[in-house]
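In: mind looking at a prediction? Sequence and model below.
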Amino acid sequence: MNRSESLFEQAQKTIPGGVNSPVRAFKGVGGTPVFIDHADGAYLYDVDGKRYIDYVGSWGPMILGHNHPEIRAAVLAAVEKGLSYGAPTASEVEMAELVCEILPSVDQIRMVNSGTEATMSALRLARGFTQRDKFIKFEGCYHGHADCLLVKAGSGMLTFGEPTSPGVPADFAKHTLTADYNKLDSVKALFEANPDDIAAVILEPVAGNMNCIPPVPGFLEGLRALCDQYGALLIIDEVMTGFRVALDCAHGHYGVKPDLVCLGKVIGGGMPVGAFGGRADVMAHLAPNGPVYQAGTLSGNPVAMAAGKAQLKLLQRPGLHDELAAKTETLIKGFKAAADKHGVPMAINYVGGMFGFFFTDEAEVTTFEQVSKCNMDHFKAFFHGMLDEGVNLAPSAFEAGFLSMAHSDEDIAATIDAADRVLAKIAAA
Ligand code: PMP
């Protein structure tokens, strides 16, 4: 038994399922999760001393690679001054100014501690502002685990929400309407059926929780137009995509203006941070100025702000996002070429520093339905084959992959070589 295996056994005695967030448990792929000892640049090192080229990047925030020296230095300097005050700081003002300067869609911003808090609070604000209860989300989009957002889409459009998880009363989920991602007609139908009741549409501008599905042309623009027509707010959840797809986030990249934006892990540079912001007239409804309540003891935490600011400043270097996108393209096209060479059917998607690969005969994957029909056996074999080769991919076929600026050409070439070997075995099996 190696150290990861014995730690996992030990962990299960005191931590439910042995993990503090379910996808880490390898349920989707089988086997024992790898316990990490430390990380640096493009690499993770496990407790048994094995090195992995990492394409999870703490599920998104490590755009500059792990343990970046400038971010680490900023954190250590902040730590010297105390860990938390529960009082206003200059640091959080600077952070707010930085985000507002980078994102023209954000007039004001409120810091929270996770993506879950960001989306939950943005939705409450949208409901309070519009004085409407219902909202629309998309099947396959994840926005954290607030009750009303944990809703499975059932068989698609026009279905009222059914809670995905026991513990969410049906009454809490009944105002959640679900539509089909990339299918504008499904959203239109919901608006037509509920013309005066929909507070908001919330979505991932590139869906990263059903593998990686970019919006089809016209989808985001169509949502903007429908929201305007029916007086609903457009909430763009950039927890995963923010500052990764482009400096001005995915909504900037696609040229669509949200009313509210949710941000998360990226703006914490690895510390627990989230935020939501947007139109000044909407944000004016938030406590203490307005009636919509929202709060947080550790919100705007000075250590987290130091990490986030350091990362955001570094991300402003001109050309950085083009370089990140080029690395991503090389990697994912390398996967595809290897799959083609060995006759393993594969489709790919990529945008900015995000990528997805699908074991499917379909030439293009644009919907949740297509993702859910992909070959899971091939995914599992590929995941474990790559892990053995020292490449860490997300342990689920429903997660996007992430590149960082720390991935060198050699790292990417080595990853493609590993993919070539693993796909050869899959083809031969
Ligand atoms: N929104 C999106 C788009 C996410 O991907 C996630 C988590 N991956 C969340 C919200 C929730 O963020 P957190 O896990 O920080 O609560």
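Out: Arrived safely, thanks for sending.

In: all the helices of this protein, residue numbers only.
Out: 3-14, 69-79, 90-102, 115-130, 170-173, 184-193, 219-230, 249-254, 280-283, 302-315, 320-342, 368-372, 376-388, 409-428 (DSSP state H).

In: show me what the second one is packed up against.
Out: Pointing back at helix 69-79 there. The helices and strands touching helix 69-79, judged by 3 or more CB pairs under 8 Å, 6 or more residues apart in numbering; DSSP states H and E, are helix 302-315. Placement of C-beta: from N, CA and C, glycine included.

In: tell me which strands and helices the helix it packs on is in contact with?
Out: By 3+ CB pairs under 8 Å, 6+ apart, helix 302-315 packs against helix 69-79, helix 90-102.

In: which residues does the residue nearest to I202 when sequence neighbours are not counted form beta bridges with?
Out: Spatially, and ignoring its direct neighbours in sequence, I202 is nearest to I235 (4.2 Å; CB to CB, 6 or more residues apart in numbering). Beta bridges link I235 to I202, L260, judged by DSSP bridges.

In: which non-adjacent residue is nearest D196?
Out: In space, D196 is closest to R132, 7.4 Å off (CB to CB, 6+ apart).

In: I'd say that neighbour and A199 touch.
Out: Yes: counting by CB atoms under 8 Å, R132 does reach A199; the two are 4.0 Å apart.

In: contact partners of stretch 368-385?
Out: 28-31, 138-140, 153, 180-181, 207, 210-211, 213, 344-345, 358-360, 362, 365, 393, 395, 397-398, 418-419, 421-423, 425-426, 429 (CB atoms under 8 Å, 6 or more residues apart in numbering).

In: straight-line length of it, end to end?
Out: End-to-end distance for stretch 368-385: 26 Å, by CA to CA, to the nearest Å.

In: off-centre distance for that stretch?
Out: On the basis of CA atoms, centre = their mean, to the nearest Å, stretch 368-385 sits 19 Å off its chain's mean C-alpha point.

In: now do the buried residues in it.
Out: Neighbour-count burial for stretch 368-385, with 16 or more other CB atoms under 10 Å as criterion, is recorded at 368, 370-371, 374-375, 378-385.

In: over to stretch 333-343?
Out: Neighbour count says stretch 333-343 has 334-336, 338-339, 342 buried, by 16+ other CB under 10 Å.

In: residue of the stretch 101-250 of the chain nearest the ligand, please.
Out: Nearest residue of the stretch 101-250 of the chain to the ligand: G115, at 2.2 Å (CB to the nearest ligand atom).

In: per-residue confidence for that residue?
Out: On pLDDT, G115 comes in at 96.

In: is it possible to get a markdown table of the buried residues of stretch 333-343 that adds pLDDT and distance to C249?
Out: A markdown table is the format used below for those (pLDDT from 0 to 100; distance: CB to CB, whole Å):
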| residue | pLDDT | distance to C249 |
| --- | --- | --- |
| G334 | 98 | 27 |
| F335 | 98 | 26 |
| K336 | 98 | 27 |
| A338 | 98 | 31 |
| A339 | 98 | 31 |
| H342 | 98 | 37 |
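
In: mind putting these in TSV, distance to C100 included?
Out: Shown next, in TSV, are the buried residues of stretch 333-343 (distance: CB to CB, whole Å):
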residue	distance to C100
G334	38
F335	38
K336	39
A338	44
A339	43
H342	49
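
In: residue nearest the middle of this structure, spatially speaking?
Out: The centroid of the chain falls nearest to M240 when counting by CA atoms, centre = their mean (2.6 Å).

In: quick one: pLDDT of it?
Out: 96.

In: beta partners of the spatially closest residue to H66 that is not a sequence neighbour?
Out: Residue nearest to H66 in three dimensions, not counting chain neighbours: A39, with 3.6 Å by CB to CB, 6+ apart. Beta-bridge partners recorded for A39 (DSSP bridges): L44.

In: A39: neighbour count?
Out: 18 (other CB atoms under 10 Å).

In: that one: what's it in contact with?
Out: So A39 contacts 45, 54, 62, 66-67 (CB under 8 Å, 6+ apart).

In: can you add mean neighbour count, mean pLDDT and distance to G319 and give the helices and strands packed on helix 302-315 back as a markdown table?
Out: Shown next, in a markdown table, are the helices and strands packed on helix 302-315 (neighbours: other CB atoms under 10 Å; pLDDT from 0 to 100; distance: least, CB to CB, whole Å):
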| stretch | mean neighbour count | mean pLDDT | distance to G319 |
| --- | --- | --- | --- |
| helix 69-79 | 16 | 98 | 18 |
| helix 90-102 | 16 | 98 | 16 |
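
In: of all these, which one comes closest to V282?
Out: Proximity to V282, assessed across the helices and strands packed on helix 302-315 by CB to CB, is greatest for helix 90-102 (14.3 Å).

In: count of neighbours near D228?
Out: By the criterion of other CB under 10 Å, D228 has 11 neighbours.

In: contacts only, for it.
Out: No contacts exist for D228 under CB under 8 Å, 6+ apart.

In: go on, the one 3 residues further on?
Out: G231 is in contact with T130, counting by CB under 8 Å, 6+ apart.

In: look up how far N375 lies from it.
Out: 44 Å (CB to CB, to the nearest Å).

In: likewise M210?
Out: From M210 to N375 the distance is 16 Å (CB to CB).

In: one step back: quick one: pLDDT of the residue nearest to D196?
Out: Reported pLDDT for R132: 98.

In: next one: it from A418, what distance?
Out: R132 is 51 Å from A418, by CB to CB.

In: cool, and H66?
Out: For H66 relative to A418 (CB to CB), the value is 20 Å.

In: for stretch 8-26, measure first residue to last.
Out: 11 Å.

In: higher neighbour count, H66 and A418?
Out: H66 (23 against 19).

In: I'd like the distance between the residue nearest to T89 when sequence neighbours are not counted and L98.
Out: The shortest distance from T89 to any non-neighbouring residue, by CB to CB, 6+ apart, is to P302 (5.4 Å). Computed as CB to CB, the P302 to L98 distance reads 15 Å.

In: and E238, by the same measure?
Out: E238 is 15 Å from L98, by CB to CB.

In: low-confidence bits of this structure, can you list those?
Out: 152-163 (pLDDT under 70).

In: coming back round to it: narrow the contacts of stretch 368-385 to those in strands?
Out: Members of the contacts of stretch 368-385 lying in strands (criterion: DSSP state E): 138, 358.
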